[in-house]
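Participant: turn this into a model:
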Amino acid sequence: MNELDAQRIKDTLIALGASSRTKGFRFFNIGIRLYVENVIHNPGILHKIYKLIAAMTGETVITVERNMHDTLNAGWPNRDKELAKTIFSRFLQSEADVPCVTLYTSMIGEWILKDIP
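Facilitator: Numbers count the residues shown, from 1 in each chain. Below you'll find the model as predicted:
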């Protein structure tokens, strides 16, 4: 993954309301990178995403999951609603719905992948 794609991940997370000062932001950044780099060769990567992030960061799986969940829930009300609609419209019933962590991770990953040649 090049630096431009890495910056797009960060910019997308911030646009979707995630605070860059949280552990969850760091975990999402790692998770989305793992997804983008591995989904073609390993479509089941989401089933072990918390475990992979925990192994890479030295945190427990519970800590990773909790921090990602907290970052998502805290930031979602502040998201760019148009961007969120573009990325998640096929998966959420209404604007009030909040995606789960794995959906959030995978759909941002797909959003990044669509522009990578």
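Participant: show me the helices in this protein, by range?
Facilitator: 3-15, 23-38, 49-57, 61-75, 81-88, 101-113 (DSSP state H).
Participant: poorly predicted segments of the protein, please.
Facilitator: Residues of the chain that meet the criterion pLDDT under 70 lie in 1, 116-117.
Participant: which residue is nearest the middle of it?
Facilitator: Thr105 (3.0 Å; C-alpha atoms, centre = their mean).
Participant: re the thing from before, identify whichever of the helices of the chain lies nearest to Glu95.
Facilitator: helix 81-88 (6.5 Å; C-beta to C-beta). Heads up, the C-betas are built off the backbone N, CA and C, glycines and all.
Participant: and that closest one, C-alpha only, in CSV?
Facilitator: Coordinates of each C-alpha in helix 81-88 appear next as CSV, following Å, rounded to 0.1, in the frame of the first residue of the first chain:
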residue,chain,number,x,y,z
LYS,A,81,-23.5,12.1,5.9
GLU,A,82,-23.1,12.2,2.1
LEU,A,83,-19.9,10.2,2.2
ALA,A,84,-21.5,7.7,4.6
LYS,A,85,-24.5,7.4,2.4
THR,A,86,-22.2,6.7,-0.6
ILE,A,87,-20.2,4.1,1.2
PHE,A,88,-22.9,2.4,3.3
